[in-house]
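Chemist: pasting a predicted model and its sequence here:
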Amino acid sequence: MSAGLQQRPAPGRRRDGRAARPGPAAREGLDRYDRVAQASAGEVIAGYSTSFGWACRLLAEPVRTHVRNLYALVRVADEIVDDPDPSLSPAWRREQLDALEAEAYRALSSTRSTNLVVHAFALTARRYGIGRELVEPFFASMRADLVRTHHDEASLGEYVHGSAEVVGLMCLRVFTGGDTAAYERLRPGAERLGAAFQKVNFLRDLAADHDELGRTYFPGLDPAAFSDAHRDELLDGIDADLAAAAAVIGQLPDSSRRAVLAAHGLYAALSRRLRATPAERIRTARVRVPDAQKALILVRALAGVAA
């Protein structure tokens, strides 16, 4: 073949078939896309999660950015499921959720996604070894909300694992920065903390979940007959989870310890307020921690003191 007719290498490949390295201008473009994607994830967190947002600010960089990248995808999936627009059918929600999950898997195995939130999530997941073993249970729990209105003990355990425990484990991957021994040592505590967070949310959202979404998460519980005895039984389990998590928070790296301490303090305060709130009121109103108490929890966490 003459020199003028020599076959040109495929785009992005060198003549020897190896991938071409991007030049400075191309590298800047790639870096810019990463920055924009991560900024988008930050906007999602700022727009939807006030309590999480202020706790997240206690994380040191780059941990803070990576945790936001993870939670943004979680938030988007949750919005697909719980968007209050009644015109959005369960079938449509399932289709969108499936598409989001498929895009997440594509991004995990490549380097780009046209969905900025998915792109940011995948940047973090690839860096810290977060794979399908944690992503699949999460999306399975999100899909369960589209078809299941009541749970037994087994299905609740699966739901809490996918909706909360694996999210805690994703964060723990970031916190431990690739230290496998530390991850395995802290894993049970991270799972217990995620479970406690989720169950507190179930309890404080008891009325809204039942009346607006038609869901009851706690097995055998009739919200109309919810009593102080039911409340205390559920909170005893939640407080046991919080205590187990508190026992290992001190082993977290400096970059994440204060933020986790603040989040733990917030949910411990919610547990105490729920226990002091009559069951009849929990059935009709969402229990909150006042801003002044949140500020105190934040100050104590900065000082490394449990709330």
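Modeler: On my side now, so go ahead. Numbering: from 1, shown residues only.

Chemist: any low-confidence regions in the stretch 201-307 of the chain?
Modeler: 307 (pLDDT under 70).

Chemist: mind jotting down where the helices sit in it?
Modeler: 206-211, 228-249, 254-275, 279-282, 291-302 (DSSP state H, counting those that start in this stretch).

Chemist: which one of the ones you listed is the most hemmed in?
Modeler: Across the helices of the stretch 201-307 of the chain, averaging neighbours per residue (mean count of other Cβ atoms under 10 Å) puts helix 254-275 on top, at a mean of 21. Where C-beta positions appear, they are placed from N, C-alpha and C, glycine not excepted.

Chemist: pretty sure Leu116 contacts Ser40?
Modeler: Yes. Using Cβ atoms under 8 Å, Leu116 is in contact with Ser40, at 4.1 Å.

Chemist: pretty sure Thr176 is touching Tyr183, no?
Modeler: Yes. Between Thr176 and Tyr183 a contact is recorded at 4.5 Å, counting by Cβ under 8 Å.

Chemist: ok, those two, which is more surrounded?
Modeler: Thr176 (22 against 18; other Cβ atoms under 10 Å).

Chemist: now that one: how far from Arg204?
Modeler: 30 Å (Cβ to Cβ, to the nearest Å).

Chemist: repeat for Thr111
Modeler: From Thr111 to Arg204 the distance is 40 Å (Cβ to Cβ).

Chemist: do Leu302 as well
Modeler: Taking Cβ to Cβ, one finds Leu302 at 25 Å from Arg204.

Chemist: any idea of the mean pLDDT for stretch 157-165?
Modeler: For stretch 157-165, the mean pLDDT works out to 97.

Chemist: give the buried residues for that stretch.
Modeler: Using 16 or more other Cβ atoms under 10 Å as the test for burial, stretch 157-165 gives 159-165.

Chemist: now do the helices in the stretch 1-150 of the chain.
Modeler: Here the stretch 1-150 of the chain has its helices, by DSSP H, counting those that start in this stretch, at 24-48, 50-56, 63-82, 90-108, 116-128, 132-147.

Chemist: redo the ones you listed as a markdown table? Include mean neighbour count.
Modeler: Below are these laid out as a markdown table (neighbours: other Cβ atoms under 10 Å):
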| stretch | mean neighbour count |
| --- | --- |
| helix 24-48 | 15 |
| helix 50-56 | 18 |
| helix 63-82 | 21 |
| helix 90-108 | 16 |
| helix 116-128 | 23 |
| helix 132-147 | 18 |
